[in-house]
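**Q** Kindly return the folded structure for what I paste below:
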Amino acid sequence: MFKHVVMWELMEKAEGQTKEENARELKRRLEALPNVISEIKQYEIGINAGQSSAAMDVVLISGFDTVEDFETYRQHPAHREVVDFIGAIRSMARVVDYEV
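**A** This is a model prediction of the structure:
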């Protein structure tokens, strides 16, 4: 299995919305992807509920059968639309990709 984990720190305001509103919108958009991208085998999205100064705002933990399935997901037009939205609202991102 190939795992893809991404964490985002969001801007306080972007696209006419607050950080909290954009976090909810990002979660909604990400949650729609497994319905259109069959290569996704595991998909979990969380919005930070803690108060740590080291915390990020949103996390995605996803799993794919193969690296090739992950690449198909990465290039899928529906995923690319979400990536464009993320680019407009994030101030920082961290990624870890690994095989289990």
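
**Q** For the rest of this, base every contact and every neighbour count on C-alpha atoms.
**A** OK.

**Q** Give me every residue in contact with the host helix or strand of His4, excluding its own residues.
**A** Taking DSSP states H and E as the definition, one finds His4 inside strand 2-10. Here strand 2-10 makes contact (Cα atoms under 8 Å, 6 or more residues apart in numbering) with 19, 22-23, 56-67, 70, 89-100.

**Q** how about 6 Å then?
**A** Residues from elsewhere that reach strand 2-10 (Cα atoms under 6 Å, 6 or more residues apart in numbering): 19, 56-64, 66-67, 89-99.

**Q** Ok, stretch 19-36 next?
**A** When contacts are taken as Cα under 6 Å, 6+ apart, the neighbours of stretch 19-36 outside the stretch itself are Leu10, Met11, Glu12, Lys13, Ile40.

**Q** give me phi/psi at the fourth one?
**A** In terms of degrees, to the nearest 10, the main-chain angles of Lys13 are phi -140, psi 140.

**Q** measure the spatially closest residue to it that is not a sequence neighbour to Asp69 for me?
**A** Across the structure, with Cα to Cα, 6 or more residues apart in numbering as the measure, the residue nearest Lys13 apart from its sequence neighbours is Lys19 (5.6 Å). For Lys19, the distance to Asp69 equals 31 Å [Cα to Cα, to the nearest Å].

**Q** Ok, Arg94 next?
**A** Separation of Arg94 from Asp69 (Cα to Cα): 21 Å.

**Q** ok so, going back, give me the buried subset of the contacts of strand 2-10.
**A** Among the contacts of strand 2-10, those classed as buried by neighbour count (16 or more other Cα atoms under 10 Å) are 19, 56-64, 67, 89-90, 93.

**Q** Present these as TSV; the columns should include distance to Leu33.
**A** Converted to TSV, these look like this (distance: Cα to Cα, whole Å):
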residue	distance to Leu33
Lys19	22
Met56	22
Asp57	20
Val58	16
Val59	15
Leu60	12
Ile61	13
Ser62	11
Gly63	13
Phe64	13
Val67	18
Ile89	19
Arg90	19
Ala93	19
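
**Q** Helix or strand for the residue nearest to the spatial centre of the chain, just tell me which one.
**A** Closest to where the C-alpha atoms of the chain average out (Cα atoms, centre = their mean) is Leu60, at 4.4 Å. Using DSSP H and E, the element containing Leu60 is strand 58-64.
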